[in-house]
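J.: Just the structure for this:
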Amino acid sequence: MFKNKNQNGKNNICGGKVAILRKNYTPKMSQRALADRLQLAGIDVDKNAIQRIESGQRFVTDIELQALAKVFNTTSDYLLGE
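T.: This is a model prediction of the structure:
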């Protein structure tokens with residue numbers, strides 16, 4: 001039986017980088033502020049969803065990945081570690 005998890009047991013690849021980018025963002029960005037920015041981009045997430053993404057407990061869709069890349073002015077390839 002196949003499981004949709006990374007080798008480290010997490011449900012996404014980008015969560016760690018999202019956390020690093022958010023914490024290093026100037027001015028400092030909270031999980032709630034990131035959720036608000038994503039909602040402005042049309043992505044329906046809340047602070048709890050951001051926490052689950054960063055900890056690897058939640059899957060990230062391609063649409064969400066694209067929006068995260070735009071918020072942080074980076075590429076989806078960078079978020080995926082490529």
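
J.: In this protein, where is pLDDT below threshold?
T.: 1-2, 82 (pLDDT under 70).

J.: rerun that using 80 as the cut-off
T.: Where the chain drops to pLDDT under 80, the residues are 1-8, 82.

J.: what are the ranges of the helices in it?
T.: 15-24, 31-40, 47-55, 62-71, 76-79 (DSSP state H).

J.: other SSEs contacting the second one?
T.: Translated: helix 31-40. helix 15-24, helix 47-55, helix 62-71 (3 or more C-beta pairs under 8 Å, 6 or more residues apart in numbering; DSSP states H and E). Yep, even glycine has a C-beta here, placed from its N, CA and C like the rest.

J.: residues making contact with the shortest one?
T.: By C-beta atoms under 8 Å, 6 or more residues apart in numbering, the list of residues contacting helix 47-55 from outside reads 10, 12, 14-16, 18-19, 22, 30-32, 34-35, 38, 45, 58, 60, 64.

J.: Go again with 6 Å.
T.: 15, 18-19, 31-32, 34-35, 58, 60 (C-beta atoms under 6 Å, 6 or more residues apart in numbering).

J.: Could you check the angle that helix makes with helix 62-71?
T.: Between helix 47-55 and helix 62-71, the angle comes out at 90 degrees (axes from the mean of the first three to the mean of the last three C-alpha atoms, to 10 degrees).

J.: now helix 47-55, how far from the centre of its chain.
T.: 8 Å (C-alpha atoms, centre = their mean, to the nearest Å).
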